[in-house]
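> Sequence first, then the predicted structure:
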Amino acid sequence: PSVLTARGLHARYGGFAALGGVDLEVRPGRVTAVVGPNGAGKSTLFHCLAGTLRPARGKVLFDGRDITRLPAHARTRLGIARTFQQLAVFPSLTVEENVRVGAEQGRGGAEEAVERALALFGLDGTVRARPAAGLPTGTLRRVELARAFAGDPRVLLLDEPAAGLDTAEVSALARVLGALAADGTALLVVEHDLDLVADLADVVHVMAAGRIVASGPPGRVLGTS
Ligand code: ADP
Ligand code: ADP
């Protein structure tokens, strides 16, 4: 069963068709990846799913319910959490305070969820009390992931989660995201790092010119098996 579904999504910027009819299913316990060249429409699709862009045509469904017109914050409340390509942590808040914001915006809000998220992303040591400003990129990515996860989401939408990470951090990221999927979370990852996609994804969709042009397991779609 699909928890988040795109059905016949079209999106435009003025007269330009950025999405030309996209169908996609994001399923619990799976990592679904979207790859493709710059300009293919990946971010546009992401925005339509997150609720930050209204599609011109088509539908977004959550558990079969039409949420096409539901704004982003209401989707977060339902259990659709996201991370940002441009890191978006609050610099003056501590790591822990940033993660608590995620818990409050999401479904749960319980202090346990904050602790679980901090621990899962290796942020439960002394770093939790440090202001986010000045922390290295890899750590900020983890803060952002922990913030999204602290809301107890059913769907995690990740926009380029490996951007700015070194090889060791990418492997750590793959491990943690794999564990979240194994736990039943539905993950959608828009990612340039094809090694991460090959490692992590259960299904890969290749976009080009606003459409999905190939779909399947990473070994087949990326030619790595
Ligand atoms: P990707 O994420 O795959 O690089 P995008 O979804 O960002 O692709 O962009 C798809 C197409 O839409 C590109 O041709 C891009 O130039 C265009 N586009 C994206 N955002 C805007 C915008 N705000 N206004 C006009 N055109 C845009
Ligand atoms: P260490 O030097 O102990 O590995 P790190 O800060 O690199 O310290 O990582 C601490 C924990 O956070 C690791 O156990 C790892 O599982 C996790 N981790 C590291 N990098 C990432 C990442 N980019 N995304 C998610 N989890 C990560």
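Received, thanks. Ligands and ions are numbered 1, 2, ... in the order given.
> is Arg82 in a bridge, and if so with what?
Following DSSP bridges, Arg82 is listed with bridge partners Leu157.
> any idea of the mean pLDDT for the one helix or strand Ala198 maps to?
Taking DSSP states H and E as the definition, one finds Ala198 inside helix 194-200. Helix 194-200 shows a mean pLDDT of 91.
> go on, stretch 158-176?
Computed over stretch 158-176, the average pLDDT equals 92.
> Mind listing residues that contact it?
43, 46, 82-85, 120-122, 137-138, 141, 145, 148, 177, 187-193, 195-196, 199-200 (CB atoms under 8 Å, 6 or more residues apart in numbering). The C-beta positions use only the backbone N, C-alpha and C, and glycine is treated the same way.
> Tell me how far the helix holding Ala198 lies from the chain's centre.
Here the centre of helix 194-200 is set off from its chain's centre by 15 Å, with CA atoms, centre = their mean, to the nearest Å.
> Pull up the gap between Leu9 and Gly216, please.
20 Å (CB to CB, to the nearest Å).
> Compare the two (neighbour count), which wins?
Neighbours per residue, other CB atoms under 10 Å: of Leu9 and Gly216, the larger number sits with Leu9, 26 against 12.
> burial of the closest residue to that one other than its chain neighbours, as a residue count?
Nearest residue to Leu9, sequence neighbours excluded (CB to CB, 6 or more residues apart in numbering): Gly58, at 3.8 Å. Applying other CB under 10 Å, we find 17 residues neighbouring Gly58.
> Gly58 belongs to a strand, doesn't it?
Yes: judged by DSSP: H, G, I helix; E, B strand; the rest coil, Gly58 forms part of a strand.
> wait, what's in contact with it?
Ala6, Arg7, Gly8, Leu9, His10, Gly21, Val22, Thr68.
> I figured Ala88 hits Glu144, correct?
Yes: with contact defined as CB atoms under 8 Å, Ala88 counts as touching Glu144 (6.8 Å).
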